[in-house]
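>>> Predicted model, plus sequence, below.
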Amino acid sequence: MTKPRSAFICQNCGYAASKWLGRCPDCGEWNSIVEELVHPLGAKKPGGTLGGSSAATPFHEVSSQEYTRFSSGLPEFDRVLGGGIVPGSLVLLGGDPGIGKSTLLLQAAEFMQRHGRRLLYVSGEESERQIKMRGDRLGIQPSHLFLLTETCLERILETVDQLQPEVIVLDSVQTVFSEKLGSAPGSISQVREVATQFLLLSKQRSIPAFLVGHITKDGALAGPKSLEHIVDTVLYFEGERYHSHRIVRTVKNRFGAANELGVFEMTSEGLIPVDNPSKLFLSERPAGASGSVVIGCVEGSRPILVELQALVSGANYASPRRMAAGVDPNRVSLLLAMLDKRLGMQLGGSDVYVNVAGGLTVDEPAADLGIVASIVSSYRNRAVAQDRVIFGEVGLAGEVRATSQTPLRIREAASMGFRQCILPHNSLPRQEQQPEIELIPVRTVQESMEVLFD
């Protein structure tokens, strides 16, 4: 009998070492290397095909297949999935504890079972009574939803063979373990094995499966990075504890566009989809306040108007503070250096704070012109007109660069009642479809500031 072999594997990146190390040489993480049992040399390792033949097939002989999506009952959830749930897809949903991941999936499961689909909800963290209590609180009584509290992968697969469900939910992937491996649940080998087996199950039987994943203190999905490569779709559930809205963001999607955004409102009746996020984020915008501007950003295929706030105040210490929430702090530092060089604004002795109201995170460079306008507005203590929206990328030479999907931003601004839109000159549409909004193209930051504060 071959003796089992052990290795020391980093739980953060998967680096394997022959002995224990305090720090991983690959990713630099401390105290992340754990001893795990691995398959001995020559042993048969688990494997399988993804629903097709094990032999190679010529490309022209492969039949094209149109994926027939079905709805989850939540329009915002269907949006981030690319238009609905694809049979045979494997979806990974991650988020902070208590943010509403189980509530979201339970609401979607209740809608799907009402349309005749058999669902299996596997929980490794909660008992059946806890899930039933949540369903009673949400006011749902699904009849085709089956609950299973199990953490052994082999027994879960046996239940799937007996029940033959049409949708599977696993909450969470870090709690399930395989008896074929000797490592503890949640280890890198166990998480990879569980995800791979569910991938084979989904592809072979065309069953959509949802895996709930834990989040580390850095905000990334716990477990190996390869876990995100195994699944078809990766969703992040975001939201502030003191805000009522929740955001589902698509990071990866093999069946649709990435960077899609879905907005929900957390209520006593569960998660309610928000049809107009711009109205939600601008509902509490102050009137006539300096440092407040509205920017037009695009998340995936959805245009959203958000309020960007800046505060410039005198520094109390020798080194001024630079803080940013919702935007990249490094980008703010670059724009401050540009303002000092191109507009002659001496901000070296001032504290600068930039914030996106509502807790939304804006990553696209089209927010640059809005950041500059809010900082100048706070520095000069002059408010920007309430009926103006602004967007554009700013270079270090002070030029305003073109942005993508300009018509979407303009139509959203017009639908929200804005009268003027300041945009890059190179992004000016050839045929304007919204005559009720005035377009003001600018080429440089100096020109845009003259328009805003003339």
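Alright, I've got the coordinates.
>>> Please report how far residue 81 lies from residue 399.
The gap separating residue 81 from residue 399 is 39 Å, by C-beta to C-beta, to the nearest Å. For glycine as for every other residue, the C-beta is placed from the backbone atoms N, C-alpha and C.
>>> So these two - more neighbours on which side?
Neighbour comparison, residue 81 and residue 399: the larger count goes to residue 81, with 27 against 18 (by other C-beta atoms under 10 Å).
>>> Confirm for me that the more buried one is in contact with residue 257.
No: under the criterion of C-beta atoms under 8 Å, residue 81 makes no contact with residue 257, lying 10.6 Å away.
>>> intersection of neighbour lists for those two?
Residues touching both residue 81 and residue 257 (C-beta atoms under 8 Å, 6 or more residues apart in numbering): residue 250.
>>> How many residues are close by residue 262?
By other C-beta under 10 Å, 27 other residues sit near residue 262.
>>> Wait, it touches residue 82, no?
No: proximity of residue 262 to residue 82 does not meet the contact threshold set by C-beta under 8 Å, at 11.3 Å.
>>> What helix or strand is residue 410 located in?
helix 406-415 (DSSP states H and E).
>>> ok, now residue 92?
strand 90-95.
>>> Please point out which parts of stretch 194-204 sit buried.
194-203 (16 or more other C-beta atoms under 10 Å).
>>> Can you name the residues in contact with that stretch?
With contact meaning C-beta under 8 Å, 6+ apart, stretch 194-204 is reached by 46, 48-51, 88-90, 92, 153, 157, 160, 168, 170, 173, 176-178, 207-209, 211, 227, 230-231.
>>> Sitting in strands, which of these do you find?
If you go by DSSP state E, the contacts of stretch 194-204 have 90, 92, 168, 170, 209, 211 in strands.
>>> what's the farthest-apart pair in those residues?
The span of those, defined through C-beta to C-beta, is set by 92 and 168 at 13.1 Å.
>>> Scan the protein for its longest strand.
Scanning the chain for the longest strand, with DSSP E as the assignment, gives strand 302-314.
>>> how much does that strand deviate in direction from helix 406-415?
80 degrees (axes from the mean of the first three to the mean of the last three C-alpha atoms, to 10 degrees).
>>> by contact count, what packs against strand 302-314?
Contacts defined by 3 or more C-beta pairs under 8 Å, 6 or more residues apart in numbering; DSSP states H and E place strand 302-314 against helix 277-281, strand 292-299, strand 350-356, helix 368-380, helix 406-415.
>>> just checking, what packs against whichever helix or strand comes after it?
Note on strand 302-314: by DSSP H and E, the next helix or strand toward the C-terminus is strand 322-325. Under the contact definition 3+ C-beta pairs under 8 Å, 6+ apart, strand 322-325 sits against helix 329-338, strand 350-356.
>>> Let's have the ones you listed in a markdown table, adding mean pLDDT and distance to residue 64.
Formatted as a markdown table, the helices and strands packed on strand 322-325 follow (pLDDT from 0 to 100; distance: least, C-beta to C-beta, whole Å):
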| stretch | mean pLDDT | distance to residue 64 |
| --- | --- | --- |
| helix 329-338 | 95 | 43 |
| strand 350-356 | 96 | 43 |
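>>> burial measure for residue 55, as a count.
Using other C-beta under 10 Å, residue 55 has 6 neighbouring residues.
>>> Not including adjacent chain positions, what is the nearest residue to residue 108?
For residue 108, ignoring the flanking residues on the chain, the nearest one in space by C-beta to C-beta, 6 or more residues apart in numbering is residue 72 at 4.1 Å.
>>> re the thing from before, just the buried subset of the ones in strands among the contacts of stretch 194-204, written out for ChimeraX, thanks.
The ChimeraX command for the buried members of these (criterion: 16+ other C-beta under 10 Å) is given here:
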select :90,92,168,170,209,211
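>>> which of the ones in strands among the contacts of stretch 194-204 lies closest to residue 340?
residue 92 (43.9 Å).
>>> per-residue confidence averaged over stretch 429-449?
Stretch 429-449 shows a mean pLDDT of 83.
>>> So which bits of that stretch are buried?
434, 437, 439-442, 444-445, 447-449.
>>> Same check on stretch 157-165?
Residues 160, 165 are the ones in stretch 157-165 that count as buried (16+ other C-beta under 10 Å).
>>> so how far is it from its chain's centroid?
Mean C-alpha position of stretch 157-165 versus that of the full chain (C-alpha atoms, centre = their mean, to the nearest Å) differs by 31 Å.
>>> Now do it, average pLDDT.
Taken as a whole, stretch 157-165 carries a mean pLDDT of 95.
>>> Give me the contacts around it.
With C-beta under 8 Å, 6+ apart as the test, stretch 157-165 has contacts from 118-120, 122, 146, 148, 150, 168, 197, 201, 207.
>>> The same query, at a cut-off of 7 Å, please.
By C-beta atoms under 7 Å, 6 or more residues apart in numbering, the residues outside stretch 157-165 that reach it are 118-120, 146, 148, 168, 201, 207.
>>> got any ranges where the stretch 201-350 of the chain has weak pLDDT?
Along the stretch 201-350 of the chain, the model assigns pLDDT under 70 to residues 217-219, 222-225, 241.
>>> For residue 20, identify the helix or strand it belongs to.
Taking DSSP H and E as the definition, residue 20 sits outside all helices and strands.
>>> roughly how far apart are the closest residue to it other than its chain neighbours and residue 76?
With C-beta to C-beta, 6+ apart as the criterion, residue 20 has its nearest non-adjacent residue at 5.2 Å, and that residue is residue 8. Here the criterion is C-beta to C-beta. By it, residue 8 lies 43 Å from residue 76.
>>> just residue 345 next, same as before
Taken as C-beta to C-beta, the span from residue 345 to residue 76 is 41 Å.
>>> out of those two, which sits in the more crowded spot?
The residue with more neighbours, out of residue 345 and residue 76, is residue 76; 25 against 19, by other C-beta under 10 Å.
>>> Check whether that one sits in a helix, strand or coil.
Here residue 76 is recorded as helix under DSSP: H, G, I helix; E, B strand; the rest coil.
>>> Cheers, nothing more for now.
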